[in-house]
Structure formats: C-alpha cells, structure tokens
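Participant: pasting the sequence and the predicted model now:
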Amino acid sequence: MEYEEYEEVSLPLIHEHLMMPCNYLTRADCCGRFGFTSGGYYCESCSFLVHRKCVEDSSEYIEHPSHSVHPLKLQSKPDHICDICDKRIVDLCYHCEICDFNVDLYCAKYPPPKVIDISETHHHKLTLLKKGIKFDCGASKCGEVMYGFPYKCHECDLAFHVDCVWNPPEAKNPSEVNHSHHPLHPLKLHIGQPPDYSDGKCRLCAQKICDRLFYHCSACNFSLDMCCLLNPPSQYVMDLKVHAHELTFRPRLDSFTCNACGLSGDRNPYICVQCDFMIHQECLDLPRLININRHDHRVSRTSVLGVVNSVCGVCRRKVDWTWGGYSCQRCPHYVVHSKCATREDVWNGKELEGVPEEIEDVEPYVVIDENTIQHFSHKEHYLRFHVSALLWEENKRCNACTQPIGLQSFYGCVVCDFILHQNCAESPRKKWHFLHNERLTLVTSKDDYFHCTACDRLSNGFMYQCGDMKLDVLCGSISEPFVHPSHPHHPLYYIPPEEEKQCNGCDNWSSLVLTCIESGCRYFLCFDCARLPQVVKHRVDAHPLSLCYGEKASGKYWCDICEKETNPSTWFYTCKDHRASLHTKCVMGDFARLMPGSTLTYSHISYEVVRNNSMSRPFCRACESHCMYPIILKVLGSSALYICSLNCVDGFWYPKIVSGIKKRQPAK
C-alpha cells in the first residue's frame, strides 16, 4: 500500500475508523469501479478502500433525480444491486428505506441524464429506461448480454450500457495515456471486449480482463487493465531474500524458466542482468520458512535445491536440482517444488521466518525400564510390555484404536484393564497430516463419540483433532508413501481429486482417496478400506478370517453371514479353506470402532456398546431381524432393545425406537 504524505483523516459518514490517504486504486468499496485517478482513503485494520471522488462532500442524505419521491440515506448495503447501473454494490450506497431503492456512490455523484444525444456513439437520441430489461449492448466494441437499466433508442430498437454511451466529464478517463512499461506507443482507452486477435489478458498481471474499460495498443497487442495502469509492478526490485542483485522488470512475451520454482513462464519475468537469473512476479513473494502438512519439520526456501535424483515430497514428480524450491534442514534428501509447497491444501499461509520454533514434548510416554512405560493418557498406572501372543486376543481391546489386540504386541496396565497396541502407544501427541493444514493434537478423553473425517466411521477411541478435523488413530497414522498389500508394487499418495473416485476395494465413490501416481495405473483406495484389518476373528468360523482383495471368478458366491450374494471382484473376507466370501461390512459392522462396554448418546438416545457374542443372536427392534454384526448397540436401561446398524438408528427406523422406549416407560 502506497500512502501519500498526509496524516490520518476521519470520515465518520463513510467509515468508523481513521483512514489514510493513499494512491492505491482497485475496485473500491464505495462504487466497485476502476478509473479514478485522484487517489482515495484506506483503513488498514479493515482493508476498507474508497475513492476520494466518491466520498468528497458526501452527505448523510441526498435528493436524487432518479428517485425524487424520497430522500436517500448513505448506508452500507453489500451485495445489493444499484438500481441505476445494475452493478453489484460492494459496500456503500444511498438507500431508500421506504422503497428499497439503491444507488451506488458513482451514480449518486454522476447521475446519468434521462436523455442524451451523442452522435459519435449513435445518430439518434437515447433515453434512460426506468425499468430493468435483458438486452444486447448495441455498442460496436461491446455486444455483452446483461440485465439492467440501459439507454434505449426507440427508433432503432437498440439498447446500450450506460457506461458504453455515457461518461460524465468529471469522471472521464483520458482517451490516451503514456505508460512507463510501454514507452513505444501511447495506450488508448478501450471500451467493451478485448480485440479478437488478443488473448484477452493484461500484459502485466496476466489476468483475464474482466472490466469493460481498459487501455490497449493495437500496434503491439499490448493491453493493461485499470488496476495495472494505475498500480504497475515496480520497475526495479532489490530484495536480498529473493536474490543478491537488483532485479529488473521485463514486460515482454518471452518464454523462460523461473529460477525460484523451476516452472516455465511465458511473459514478464524479473531478470538479473548480472547472472541470468529470472523469476515470476508471483514468486517474488514466496515465503522463506514454512510448515507443510506433508512433513514433520519446517522447510525453507532455497535458490538451488542441489539434491540429485530427488522427487517432490508433495506431488512425487521429479525435481530438477538446479532450480529453487523448499528443503528440510534436518532431512537432507527431502525437497518440495515451490508451487507444491505453497498450495492451499498443503500450506497454512503462515510465514515463519523470525518466529521461534515451538519446543514441546510430543513423546507419548516416559520410559520407566526396558519393559515398562508411563503413557500420558494413563498417568495413574504404569504399562508393561507384552510380546505378541500365540492365541488370538479377542476380548482384549486397545483403548486407542478400539480394535482387538489380536496377535499384536501390546502394553497392558499393571493394575487395571487399560491396554494399548505397541503402535498405538507410540503415536505422537502432535503430528502433521496431509488432510489438514494445521498440526493435529492427540485427544484421549472424549465426552461421547466422533465421526472420523477420513473414513466417516463412528469411534470413541483416541483421535487426532484440530477444529472440525477429527481423525481416529488408524486414519491419523496413515502417512505418505502409504504401502498397502492390495497394491504392493506401487505406493499410494493423497492427491486431492477434482472429482470423486471409485475405490478399488469397495466400489464406492469418494473424494478422500489414496492414489497410485504411476502412469496408467488407476488405483484408488478410500480410507475405510485402507484401514480394514488384514486378519479378523468372527463367530462364523473358528479360525481367523483373512482379507482377500477380490478375484476373477465365475458363478455365484454367497456370504455366510447375511446369506446374500457377494461380488468376488470386490474385497471380502475368507476363511482358512477359502471356501467363503464374506462381505467386509458383514464381518465388521458399523460399530467396529466403538469400545464394547462404553456408552454413547446418538440421536438423543443413550446406548451401551455391546458384543454380539451370545449363543442366540439378539433381535433388532428397528429392522426386525437378528443382529448379525459383531458389535451392536443396546438402548441404555432396557433389557432387550438392540440396534444393529446405523441405518437402524437413523431416519426411517427412529420413530420405532422412540415408540418402543415410550411403551416401556413406567406410568407416572
């Protein structure tokens, strides 16, 4: 922001804070237009900008010829429409509270006359319509279709934008200007669409020209939008954080490779004539030191990466070591493309140069001896290490992930029943995850339950949380590269897809998938399938069941649990002799990540989480069938009100549950 040499001023009718005179011009909050060359006023605390011409001598009330029946009051009416020019009101306007009539500050200061006679535009008189219509602008350089209040020629049945035929002398832009970035020829005012031979972009900022007023040189095919005309890029830049020498702006259509990001450009680099250094305009502002959600340490910007045969830590494509990028000081081989490191889904937008790094204990436990630890989630007792068991431990469950101990090594409390898998016990207290731009904290005590953002399963185990992002420890432990037995030859990565992808495990469509980035390999895996246990115990078979990743088979297959047909091309569980193909949902159920014995409140009803391990399967009072899943819900305080799935809790079944509870309540 470039300020003039003035003190702050008070404009009580316009804004509540003191404002600074400035010459920075863009679409201001007063009229939403470009084109005023007399400067304006800016509020630093609110980023509020108004043109000086719009607010000079502004009164709280005005009488306006377009609405003579009532006075208009100066008010803030963002996103309303001006009833004269049909432009969107950014913030300020004059408003009639009786008729809901709005006039932006430009039209209030320069009301278009009811009738104009401008022979150079049209050979008949034009009348301003008081009623909005849809029309094609008759101006030769415009032709844009829009809805609004045009000037109309009743003899020719033509309509024109107000801006295309009327420009008040007080606010008129010069028809021709000389500009420092195009000294060869003057630039001429152009109204309407860019010429067909141009690319429709401003030469300096490369943005699409979206306003009907801009300046153009037809001899050089050189266009400038109003913002760059009034606030062009600096001709020279001297910033030692960017480069050791002075950089010069070169406003030309030249192909080049940016030394900062290693990507090609087609126009307007800043160059160093001493050492052949070239950089994009936008790369001048690349941050020096940042955190990214793909790495546990800070990464810093460097002019030459210098790591041969390296790949980007975000996109996993090859990195040219001779160009600039981001690298980790602690991990010598970790590098990231500049554009990848500063993507919105990777970086939180915080520059950390000069900000001390947080020094905090993220270790989850304290070592007491070689077999004993004190975990931060269970400080009252010590936990003792137990090697993997020879027998399947179904009744013992990990308090972190809520899954059975199975055949894995674990830490068990020396006093109570608190148990943690070895991997879960080693989960750090804080970590970065590629699904979120801020560091997540491991939360061990919750009021009830949560939905995991990644897999959408209910859980009441430990979770990694930051704001609305909640990951159970299974999904929170997934990191890149992720290797899954179903796709052993290529690792998987999280690449935010532009559209939903179909999971190769369950055939469901999801926007949260892990992706194989090898050319031609369209393999996608949703987080739920990524964390299905490879081996699981179920009452349907005396032996543990193994996860099978689909197979090509003919004929019909049937699930022994639900007794319905299965699709062998999708994942399923199979028994020791491989004669069964069991649906993964039938084996796991909807409540597989809820801890048996815990309680929760869902849809205003309290439940106890129970194992479905009795000799006879209980009867679900919602779907009116026997509960087949290994973990089910029991209405708290009831003797036989069981619910087997989420479908039975939600929607259609809910009235039946409530009715069943009311019938069993004692009379008052």
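Facilitator: Looks like it came in fine. Numbers count the residues shown, from 1 in each chain.
Participant: for the rest of this, base every contact and every neighbour count on C-alpha atoms.
Facilitator: OK.
Participant: so where's the stretch 201-350 of the chain shaky on pLDDT?
Facilitator: The stretch 201-350 of the chain contains residues with pLDDT under 70 at 211.
Participant: the helices in it, which residues?
Facilitator: 226-230, 338-341 (DSSP state H, counting those that start in this stretch).
Participant: now, of those helices, which is deepest in the fold?
Facilitator: helix 338-341 (a mean of 22; mean count of other C-alpha atoms under 10 Å).
Participant: residues making contact with the helix or strand that that one is followed by?
Facilitator: Downstream of helix 338-341, the first helix or strand assigned by DSSP states H and E is strand 365-369. Strand 365-369 has contacts (C-alpha atoms under 8 Å, 6 or more residues apart in numbering) with 373-376, 425-426.
Participant: which among those count as buried?
Facilitator: 373-375, 425 (16 or more other C-alpha atoms under 10 Å).
Participant: re the thing from before, any chance of the helices of the stretch 201-350 of the chain in TSV, with distance to Asn309 too?
Facilitator: Output for those, formatted as TSV (distance: least, C-alpha to C-alpha, whole Å):
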stretch	distance to Asn309
helix 226-230	41
helix 338-341	17
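Participant: nearest to Cys398 among these would be which one?
Facilitator: helix 338-341 (36.3 Å; C-alpha to C-alpha).
Participant: Asp163 in helix, strand or coil?
Facilitator: At Asp163, secondary structure determined by DSSP: H, G, I helix; E, B strand; the rest coil is helix.
Participant: distance of it relative to Gly132?
Facilitator: 15 Å (C-alpha to C-alpha, to the nearest Å).
Participant: which residues of the stretch 51-200 of the chain fall in strands?
Facilitator: Ranges of strands within the stretch 51-200 of the chain are 61-64, 67-76, 92-96, 101-103, 115-116, 126-128, 133-136, 145-148, 151-153, 158-160, 176-179, 182-191, based on DSSP state E, counting those that start in this stretch.
Participant: what residues go with each domain of this protein?
Facilitator: Per automatic domain parsing, the structural domains of the chain span 1-111, 115-170, 173-230, 236-284, 286-341, 365-425, 535-588, 599-663.
Participant: which residue is the nearest non-sequential neighbour of Val387?
Facilitator: Spatial nearest neighbour of Val387, chain neighbours left out: Ser409 (4.5 Å); criterion: C-alpha to C-alpha, 6 or more residues apart in numbering.
Participant: just give me the neighbour total for the one you found.
Facilitator: Number of residues near Ser409 (other C-alpha atoms under 10 Å) recorded here: 16.
Participant: now do the contacts for it.
Facilitator: Contacts of Ser409 (C-alpha under 8 Å, 6+ apart): 385-389, 421-422.
Participant: list only those of the residues you listed flagged as buried.
Facilitator: 385, 388, 421-422.
Participant: circling back: in strands, which of the contacts of Ser409 fall?
Facilitator: 385-386, 421 (DSSP state E).
Participant: put together TSV for these, with pLDDT on each row.
Facilitator: Listed next are these as TSV, based on pLDDT from 0 to 100:
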residue	pLDDT
Phe385	94
His386	92
His421	93
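Participant: where does pLDDT dip in the stretch 551-668 of the chain?
Facilitator: 651-668.
Participant: scratch that, the stretch 351-500 of the chain is what I was asking about
Facilitator: Using pLDDT under 70, the flagged stretches of the stretch 351-500 of the chain are 360, 390, 446-447.
Participant: strands of that one, residue ranges please.
Facilitator: Assigned by DSSP E, counting those that start in this stretch, the stretch 351-500 of the chain shows strands spanning 365-369, 372-375, 383-386, 393-397, 404-406, 410-413, 419-421, 430-431, 440-443, 450-451, 458-459, 463-466, 469-472, 492-493.
Participant: possible to save the ones you listed as a markdown table with distance to Cys156?
Facilitator: As requested, these are exported to a markdown table (distance: least, C-alpha to C-alpha, whole Å):
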| stretch | distance to Cys156 |
| --- | --- |
| strand 365-369 | 84 |
| strand 372-375 | 85 |
| strand 383-386 | 91 |
| strand 393-397 | 84 |
| strand 404-406 | 83 |
| strand 410-413 | 87 |
| strand 419-421 | 83 |
| strand 430-431 | 70 |
| strand 440-443 | 67 |
| strand 450-451 | 65 |
| strand 458-459 | 68 |
| strand 463-466 | 64 |
| strand 469-472 | 61 |
| strand 492-493 | 63 |
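Participant: so which of those strands comes closest to Phe149?
Facilitator: The minimum distance between Phe149 and the strands of the stretch 351-500 of the chain falls on strand 469-472, with 47.4 Å, by C-alpha to C-alpha.
Participant: follow-up on the earlier one: for Pro618, state which of the buried ones among the contacts of strand 365-369 is nearest.
Facilitator: Closest to Pro618, out of all of the buried ones among the contacts of strand 365-369 and judged by C-alpha to C-alpha, is Ala425, at 34.9 Å.
Participant: and the residue nearest to Val387, how far from Lys564?
Facilitator: 36 Å.
Participant: residues in contact with Asp541?
Facilitator: Cys575.
Participant: and it, what are its phi and psi?
Facilitator: With angles defined as degrees, to the nearest 10, Asp541 sits at phi -150, psi 150.
Participant: can you tell me how far Val587 is from Arg343?
Facilitator: For Val587 relative to Arg343 (C-alpha to C-alpha), the value is 40 Å.
Participant: who has more neighbours, these two?
Facilitator: Between Val587 and Arg343, counting by other C-alpha under 10 Å, Val587 is the more crowded of the two (24 against 13).
Participant: thinking the more buried one is in contact with Asn612, fair?
Facilitator: No - Val587 lies out of contact with Asn612 (C-alpha atoms under 8 Å); the separation is 11.8 Å.
Participant: ok, back up a step: now the buried ones among the contacts of strand 365-369 as JSON lines including distance to Gly555?
Facilitator: Shown next, in JSON lines, are those (distance: C-alpha to C-alpha, whole Å):
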{"residue": "Ile373", "distance to Gly555": "54"}
{"residue": "Gln374", "distance to Gly555": "55"}
{"residue": "His375", "distance to Gly555": "52"}
{"residue": "Ala425", "distance to Gly555": "45"}
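Participant: just give the closest residue to Cys529, not the sequence neighbours.
Facilitator: Gly505 (6.1 Å).
Participant: check the secondary structure at the one you found for me.
Facilitator: coil.
Participant: isn't it up against Tyr549?
Facilitator: Yes - using C-alpha under 8 Å as the test, Gly505 is close enough to Tyr549 to be in contact (7.0 Å).
Participant: closest to the centroid, which residue in this structure?
Facilitator: Asp345 (6.0 Å; C-alpha atoms, centre = their mean).
Participant: and that one, how close does it get to Asn437?
Facilitator: 7 Å.
Participant: before we move on, back to that, okay, the ones in strands among the contacts of Ser409 in JSON lines with distance to Phe482 next?
Facilitator: Listed next are the ones in strands among the contacts of Ser409 as JSON lines, based on distance: C-alpha to C-alpha, whole Å:
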{"residue": "Phe385", "distance to Phe482": "27"}
{"residue": "His386", "distance to Phe482": "27"}
{"residue": "His421", "distance to Phe482": "20"}
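Participant: from the contacts of strand 365-369, pick the one nearest Cys93.
Facilitator: Of all these, Cys93 sits closest to Phe376, with 58.2 Å by C-alpha to C-alpha.
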